[in-house]
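J.: Kindly return the folded structure for what I paste below:
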Amino acid sequence: MENKRFTKNDNGFICQNCGKQVEPLGVTSRNHCPFCLCSLHVDINPGDRANPCGGLMKPIKTEPDPRKGYIITHKCTKCGGTTRNKAAHTAKVQPDDLDLLIALTVNRD
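T.: Next up is the predicted model:
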């Protein structure tokens, strides 16, 4: 049986890093806090919540992409795993902090 590569999971949450209430995006799944850009290491495939790690994912850099806007690279503070996610800086509900996204473009490992 084929596994889905994406599961829509657009629930609000309280950020485990900064404690702010994060609202659903309304269009697709929100996977990180728009205020501090942190996430949790909970997915194997986007939205599946199947990763047992559960560690805090900190943003380590962003890269501008001409078609997708900004791509955020997160690194897990628990297992060291990394993921890349599209930023939601143009969202109508709680857009990502554009100043923080731009500041993270300087970190080009």
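J.: Going by C-alpha atoms from here, please, whenever you check contacts or count neighbours.
T.: Fine.
J.: got the phi/psi numbers for residue 101?
T.: The phi and psi values for residue 101, taken as degrees, to the nearest 10, are phi -60, psi -50.
J.: In contact with it, which residues?
T.: Shown in contact with residue 101 (CA atoms under 8 Å, 6 or more residues apart in numbering): 62, 70, 72.
J.: out of those, who's nearest residue 48?
T.: Using CA to CA, residue 72 comes nearest to residue 48 of the contacts of residue 101, at 19.2 Å.
J.: In the host helix or strand of that closest one, which of the residues would be classed as buried?
T.: With elements taken from DSSP states H and E, the one containing residue 72 is strand 69-76. Neighbour-count burial for strand 69-76 flags 70, 71, 72, 73, 74, 75, 76 (criterion: 16 or more other CA atoms under 10 Å).
J.: now swap in stretch 5-24 and tell me
T.: For stretch 5-24, burial by neighbour count (16+ other CA under 10 Å) applies to 9, 10, 12, 13, 15, 17, 22, 23, 24.
J.: Give me the residue at the spatial middle of the chain.
T.: residue 32 (3.4 Å; CA atoms, centre = their mean).
J.: Noted, bye for now.
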